[in-house]
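> Next come a sequence and a model predicted from it.
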Amino acid sequence: MAHDPGPPLEQWPGLAPQMPAASADSTPAEAAASLPARLVQTGPFGLDERRLVLVPARRGSDALASIGWSAKAPLPLLCALLRSWEDRFGAQTVAVFGSELHVSVARPPVDAEQANLLALEHVLSTADNIVDDPPTPFPEYAAGLVGRTNWTFWWD
């Protein structure tokens, strides 16, 4: 299957709207606290290969720049996206493993229109798992973001 950068557009449709917090939603801190356990259970790395690092940063979106994280990711753009997702989705940078980034999401998109806009933002990250490998067709990728409380990105 060929590279799928998203749907063809005449112009940028804008950012996905901010998801309002509902009383039943987890807080960003609660969502972030639940992701490490899932990564330990389902991730490709064993416990002996993981290290806990506390990063002195005002916001989680600043942590990657603070540690000088090096992947083929466009770091300034990625940090800007993460900061915006913190504000709009309660997203938190939770883990990095080599060139993988794991983000928890307290307020994921709830419908297809919101998810389509967010999926376009994910394409901007240039992450290989979004645009190249596997080349998940854009509609399938976007539909998978509805209600999803963790996002993973990786770069070769």
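Done, it's in.
> residue ranges with poor pLDDT in this structure?
Applying pLDDT under 70 to the chain picks out residues 1-9, 23-24, 43-50, 133-135.
> what about the residue nearest the centre of the chain, which SS state?
Nearest residue to the geometric centre of the chain (CA atoms, centre = their mean): residue 151, 4.0 Å. Secondary structure, DSSP: H, G, I helix; E, B strand; the rest coil: residue 151 is strand.
> Skipping adjacent residues, who's closest to it in space?
residue 103 (4.6 Å; CB to CB, 6 or more residues apart in numbering). Backbone N, C-alpha and C define where each C-beta goes, glycine included.
> and the one you found, what are its phi and psi?
phi -130, psi 130 (degrees, to the nearest 10).
> just checking, it touches residue 149?
No: Residue 103 lies out of contact with residue 149 (CB atoms under 8 Å); the separation is 9.7 Å.
> So which of those two has more stuff around it?
Between residue 103 and residue 149, counted using other CB atoms under 10 Å, residue 103 has the larger neighbour count: 24 against 19.
> could you pull out the helices for this structure?
28-42, 63-66, 75-89, 112-124, 128-131, 138-143 (DSSP state H).
> gap between the residue nearest to residue 151 and residue 63?
Residue 103 sits 11 Å away from residue 63, going by CB to CB, to the nearest Å.
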